[in-house]
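> Need coordinates for the below:
(one chain, ligands or ions: 2)
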Amino acid sequence: MPAPTDRILLSSQQIQERVREMAADIEADYPEGPIYLISILKGAFIFVADLARALSRPSIRIEFMAISSYGTARTSSGQVKVTRDLDVNIEGHNVLIVEDIIDSGVTLSYLKTLLDARRPKSLEIVTLLDKPERRIQTVDVKYVGFRIPDEFVVGYGLDFAEDYRNLSDIRVLTP
Ligand code: IMP
Ligand code: MG
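Ligands and ions are numbered 1, 2, ... in the order given. Below you'll find the predicted structure:
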């Protein structure tokens, strides 16, 4: 399915190793109790599945939210809307927002404010990828898998117009 010219930026093996390291960091930072992983659909679905399995305690609660941001296929605009909200109360719990990529920062800064208002015990962000060059809103991100250059990437949950999410490595599409 990928074009032969599409370049692999992160191999499946590199991703798996880094996910295990991130899980170890999280385990060390939260020695006990349940952790709520709030995964942002759809892009983070594969990452959260791997991250959850790399965490060893039984009380990993996996929840989903969906967000839409109006814009073109490759960028988000500043207009964020929750299209599927949580159906659990996060008050008093340790919560991690799990995202595929942070680009402008608009989506995550909106979400962080929204969830903070629900008074979790702690609220941090885990993102597999970070494109710091593209940031227009500052967001405090505690766990970053890989900092990547400003290139449009697909695979491992990330799409271009809904395609490519199923690839097990992360690729840069040839234009
Ligand atoms: P932000 O609000 O600009 O930080 O938007 C982040 C969202 O934009 C991600 O959750 C993705 O859905 C999308 N996005 C940003 N960059 C990429 C990319 O390189 N590939 C695929 N989706 C991307
Ligand atoms: Mg996304």
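> separation between the closest residue to S59 other than its chain neighbours and ligand 1?
With C-beta to C-beta, 6 or more residues apart in numbering as the criterion, S59 has its nearest non-adjacent residue at 3.8 Å, and that residue is P34. (C-beta placed from N, C-alpha, C; glycine too.) To ligand 1, P34 is 25 Å away according to C-beta to the nearest ligand atom, to the nearest Å.
> now S109
8 Å.
> Under the pLDDT cut-off, which ranges of the protein? List them.
Low-confidence regions of the chain, defined by pLDDT under 70, span residues 1, 4-5, 70-78.
> residue boundaries of the strands in it?
Listed in chain order, the strands of the chain (DSSP state E) span 7-10, 35-41, 60-69, 80-84, 94-102, 122-130, 143-147, 153-154, 170-172.
> Take the ones you listed and lay them out in a markdown table including mean neighbour count.
Formatted as a markdown table, the strands of the chain follow (neighbours: other C-beta atoms under 10 Å):
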| stretch | mean neighbour count |
| --- | --- |
| strand 7-10 | 16 |
| strand 35-41 | 22 |
| strand 60-69 | 16 |
| strand 80-84 | 12 |
| strand 94-102 | 23 |
| strand 122-130 | 22 |
| strand 143-147 | 17 |
| strand 153-154 | 22 |
| strand 170-172 | 23 |
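> need the residues of the chain near ligand 1, please.
With C-beta under 6 Å from any ligand atom as the criterion, the chain meets ligand 1 at residues 43, 69, 76, 99-108, 152-154, 158.
> Correct me if wrong: the residue nearest to S59 contacts I62.
No - using C-beta atoms under 8 Å, P34 and I62 do not qualify as a contacting pair, with a distance of 11.0 Å.
> for the protein, which helix is longest?
With secondary structure taken from DSSP state H, the chain has its longest helix at helix 12-29.
> List the buried residues in that one.
Going by neighbour count (16 or more other C-beta atoms under 10 Å), the buried part of helix 12-29 is 15, 18-19, 22-23, 26.
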